[in-house]
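> Would you be able to build a 3D model of this:
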Amino acid sequence: MGTDFRIAAWLIQPRLNTVSNNGTTVRLEPKVMEVLVCLAQHPGEPVSKEDLLQAVWPDTFVTDDVLKRSISELRRVFQDDVRESRIIQTIPKRGYRLLVPVEAVTGDKRPSPEVASQESAMVRDWRMLALVSGGVAALLLILLGTLYVSSRERLLGKKADLQVNSIAVLPLQNLSGDPNQEYFSDGMTDALITDLAQIGSLKVISRTSSMQHKQTRKSLPEIARELGVDGIIEGSTQRSGDRVRITAQLIHAPSDRHLWANTYEGDLRDVLSLERNVTEDIARQVQKRVMPQDQRAATRPRPTNPKALDAYLQGNYHLQRYGRGAGVEEMKKASDLFQQAIDADPKFAPAYFGLAYAHGALPQVSPEDSAIARRAEGAGLALDPNSPEGQTILADDKMRELDWSGAEQEFHRVLALNPNNAAVHDDFCEVLGEMGRLDEALNECQLAQELDPNNDHMAIILYRRGEYDHAIAILRMMIERHPNDGGLHYLLFECSEKKKNDKEAVLELEKAVTLYGLSDAAGKIHRTFAISGYRVAMLQWAKEIENLQARKQFYMPVNLADAYAVIGENERAFYWLAQAVAHRDAIAAGEPATFLGTDPMLESLRSDLRFKDLLRRIGLPQRASQSS
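As a prediction, this is how the structure comes out:
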């Protein structure tokens, strides 16, 4: 139902996402409007939750909570009391029903005075254009789209029907004529997303989802629907020597209508201030404001040494390549470049945070790596304690120190300053999950999923909640998008193991191990399963991990404990769990030591007093050990 319609006294305009009554117009989030449209297509009939979720979120797993929030928002707009519903009725354990008739808006109906005045202006415009062009079909399209918007703007003096409440920044194009400058355009895209994400009243899609649309052939409305936004920022960078030009434009995605554009030029030393100008102009255009408690927004970035900035952006480029599955040598290149940036400008805080991450996220973290990371973190925080990176590091440090309540407080502070950071919501989900608060964790993972829809943030928490079928469905969908993501295949192995699907579990384990660059180990697991069965194949996998650790390629003691636990080798499992707790700072690849509280693979160990003692040593509540 794309046409306008009425529900009681309310005029519904789906294309504009608006609900109007007595001269007051309320704009709905696009997904909330889609829920309303689905109900309006079946007035008086029950619509199941499953049908609504499939219709509105066909490619993204969401929980009933998201649907409930949408229904609550509709009830708020319609002033409907859930206890005595007049508009939307809840049918327990089934779904929802629209109680009032739906009336299509046609030329014979009498609209409200406000709408009538708008339509009168539209008719005048239509007649004038008809005299000029005579193109009836084209004029009808204009009448339904552009003329409606323009007449509203003339009547109300603002772009009332083209408000932007959610936004995605597409990768800025590199117009320098040099493909080696891609790191610079990607870096400016990152900076723009980071700054926009601090506008608390604006939903901003994360970098990892936005960057997947680099050089895409999809239309802007298609991208907007996929990412769940109504605004798109696209633009370019052009660098010549130490001069930089940035162009940006704002598109209202549902109508594919251009709202604003500007060009910014300056010196490379001031490029971060240049980018901040872009952010502030966009904020003004979408009529949002940067949250007052955000100190970074009020402080202009200081001039940056061009060599430091260049090395930092290149380092970040290699970090992103590592994150997309490139080898560990990318992390080493990044580390060298961050150090070059620090040498060129010792007061450039982002380079310290980059160096800390490059050493702290290696597959095997040595004591030397940990020491370098800690020193870099401290230096970065001393220079810029209010940066998103710095705030997140403080939260992660609390978790690493097993200060769970302190970590929770820090994450609340980070999210108050940077509510659009999907990675932080994901980390907070992990913390809450480890504390056994799985319902709250689920909400945080859902927020991460909404901000980063092209990547999975839901399967792990569903796995930890014991919702294996839901987790498997999400993983299979995500693997279609990211077939070379070893982490997705490994989690699917674990879910399949819990479902006692041995063949599927081994198949996914082989795929994961191969994608991690261990094809010889994958071959051994395959042959062992074919000859000796599942238990011996798991034993082979445990031996392969031990060999990797002996060669200092990986350190994954929790994964080892998982493998031994599922085949009943409890003594070996407890040995590696004790090692994980004793050397938890060395774990970068694999599952963390703090995952013990809700790790489904360790279910058989939970009644053992040694397991309860391990939980006590890492400060986790006993109730966490009872969750699955």
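> Which stretches in the stretch 251-400 of the chain count as strands?
For the stretch 251-400 of the chain, the strands defined by DSSP state E, counting those that start in this stretch occupy 257-267.
> just the chain next, same as before
Using DSSP state E, the strands of the chain run over residues 5-7, 10-13, 18-21, 24-27, 47-48, 88-91, 95-98, 102-104, 166-169, 173-174, 203-204, 231-240, 243-252, 257-267.
> I'd like the mean pLDDT over the second one, please.
It stands for strand 10-13. Taken as a whole, strand 10-13 has a mean pLDDT of 89.
> what do you get for the longest one?
Mean pLDDT, strand 257-267: 87.
> now it: how far from the chain's centre is it?
Strand 257-267 sits 26 Å away from the centroid of its parent chain (Cα atoms, centre = their mean, to the nearest Å).
> Of the strands of the chain, which stretch is the most buried?
strand 166-169 (a mean of 27; mean count of other Cβ atoms under 10 Å). Where you see a C-beta, it was placed from the backbone N, CA and C, and this is true even at glycine.
> That strand pairs with which strands, parallel or anti?
Paired neighbours of strand 166-169 in the sheet (DSSP bridges): strand 203-204 (parallel), strand 231-240 (parallel).
> How far off centre is it?
Going by Cα atoms, centre = their mean, where strand 166-169 is centred and where its chain is centred differ by 12 Å.
> Can you name the residues in contact with it?
In this structure, residues lying in contact with strand 166-169 by Cβ atoms under 8 Å, 6 or more residues apart in numbering are 29-30, 189, 192-193, 196, 202-205, 209-210, 213, 223-224, 227-234, 282, 286.
> Please apply the same query to stretch 92-107.
Applying Cβ under 8 Å, 6+ apart, the set of residues contacting stretch 92-107 is 3-8, 11, 39-40, 42-52, 71, 85-91, 109, 111.
> can you redo the strands of the chain as TSV with distance to Ile479?
Output for these, formatted as TSV (distance: least, Cβ to Cβ, whole Å):
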stretch	distance to Ile479
strand 5-7	40
strand 10-13	38
strand 18-21	39
strand 24-27	36
strand 47-48	28
strand 88-91	35
strand 95-98	30
strand 102-104	40
strand 166-169	23
strand 173-174	30
strand 203-204	27
strand 231-240	27
strand 243-252	32
strand 257-267	36
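> worst average pLDDT in those?
Looking at these, the bottom one is strand 24-27 with a mean of 77.
> same for it, what does it pack against?
If contacts are counted by 3 or more Cβ pairs under 8 Å, 6 or more residues apart in numbering; DSSP states H and E, strand 24-27 sits against strand 18-21.
> The strand it packs on - contacts with which helices or strands?
Going by 3+ Cβ pairs under 8 Å, 6+ apart, strand 18-21 lies up against strand 10-13, strand 24-27.
> hmm, who's touching the last one?
Defining contact as Cβ under 8 Å, 6+ apart, one finds that strand 24-27 is touched by Leu16, Asn17, Thr18, Val19, Ser20, Val77, Ala160, Gln163, Asn165.
> Same question for the first one.
Defining contact as Cβ under 8 Å, 6+ apart, one finds that strand 10-13 is touched by 4-6, 18-21, 36, 40, 77-78, 105, 111-112, 115.
> Partner strands of that strand and their direction?
strand 5-7 (antiparallel), strand 18-21 (antiparallel).
> Okay, and the beta partners of Thr263?
Bridge pairing for Thr263 - DSSP bridges - gives Thr247.
> Touching, Asp599 and Val566? I think so.
No: in this structure Asp599 lies outside contact range of Val566 using Cβ atoms under 8 Å: 11.1 Å.
> Tell me which of the two has more neighbours.
Between Asp599 and Val566, Asp599 has the larger neighbour count (other Cβ atoms under 10 Å), namely 25 against 22.
> Phi, psi for that one please.
Main-chain torsions, Asp599, degrees, to the nearest 10: phi -80, psi 110.
> what residues are up against the residue nearest to the spatial centre of the chain?
Nearest to the geometric centre of the chain sits Asp452, at 2.2 Å (Cα atoms, centre = their mean). The neighbours of Asp452, taking Cβ under 8 Å, 6+ apart as the test, are Ile205, Ser206, Thr208, Ser209, Ala422.
> Cool, thanks, signing off.
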